[in-house]
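*Asks:* Sequence plus predicted model, see below.
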Amino acid sequence: MAPPSEHVLDVKTKSDFQSLLSSNRLLVLQATASWCGPCKAISPLYNKHATTHADKPVRFLRFDIDEDPELCQELGIRSVPAFFFFEDGAKVHSVVGAVPPSLEKGITDLVAKVLE
């Protein structure tokens with residue numbers, strides 16, 4: 001894994017995620033695994049965006065699919081890394097795979113909602 005970022009919160013349980021989802025208007029969730037090479041490769045980019053947008057009301061979360069299979073099942077995760085974008089509690093977009101342009105577009109689009 002990439003070194004931890006103070007701007008990315010590690011989620012340990014489904015109930016923690018649901019609590020954060022209900023209390024944050026805009027949220028990005030990274031699904032990862034300790035054994036996943038592509039996850040390790042893209043995590044620094046995710047951390048960079050979390051740091052860059054730390055002054056905006058967008059929460060960046062991360063969870064390990066092996067630590068919470070219930071959340072993994074609820075989100076329908078079949079491959080990692082996967083990124084989920086939420087607005088007002090509803091999933092509005094997702095990206096599967098370590099695809100920097102797709103991840104950056106998803107984050108940029110979500111951050112733009114701060115201005116709406």
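*Replies:* Nice, thanks for sending it over. The model shown is predicted, which means the values in this text are computed figures rather than measured ones.

*Asks:* Point out where the chain drops to low pLDDT.
*Replies:* 1-5 (pLDDT under 70).

*Asks:* how about the helices in it?
*Replies:* Ranges of helices in the chain, per DSSP state H, are 14-23, 37-52, 69-75, 100-112.

*Asks:* Need those in a markdown table (columns: mean neighbour count and distance to residue 89).
*Replies:* From N, CA and C alone the C-beta is placed, and that goes for glycine too. Below are those laid out as a markdown table (neighbours: other Cβ atoms under 10 Å; distance: least, Cβ to Cβ, whole Å):
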| stretch | mean neighbour count | distance to residue 89 |
| --- | --- | --- |
| helix 14-23 | 15 | 6 |
| helix 37-52 | 17 | 20 |
| helix 69-75 | 15 | 13 |
| helix 100-112 | 15 | 14 |
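
*Asks:* can I get these in a markdown table with distance to residue 7?
*Replies:* As requested, the helices of the chain are exported to a markdown table (distance: least, Cβ to Cβ, whole Å):
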| stretch | distance to residue 7 |
| --- | --- |
| helix 14-23 | 14 |
| helix 37-52 | 4 |
| helix 69-75 | 21 |
| helix 100-112 | 12 |
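
*Asks:* burial of the closest residue to residue 62 other than its chain neighbours, as a residue count?
*Replies:* Counting by Cβ to Cβ, 6 or more residues apart in numbering, residue 62 lies nearest to residue 30, which is 4.5 Å off, once chain neighbours are set aside. By other Cβ atoms under 10 Å, the residues close to residue 30 number 25.

*Asks:* With the one 4 residues further on instead?
*Replies:* Residue 34 sits with 11 neighbouring residues when counted by other Cβ under 10 Å.

*Asks:* Torsion angles phi and psi at it?
*Replies:* phi -60, psi -30 (degrees, to the nearest 10).

*Asks:* just residue 89 next, same as before
*Replies:* Residue torsions, per degrees, to the nearest 10, at residue 89 are phi 80, psi -10.
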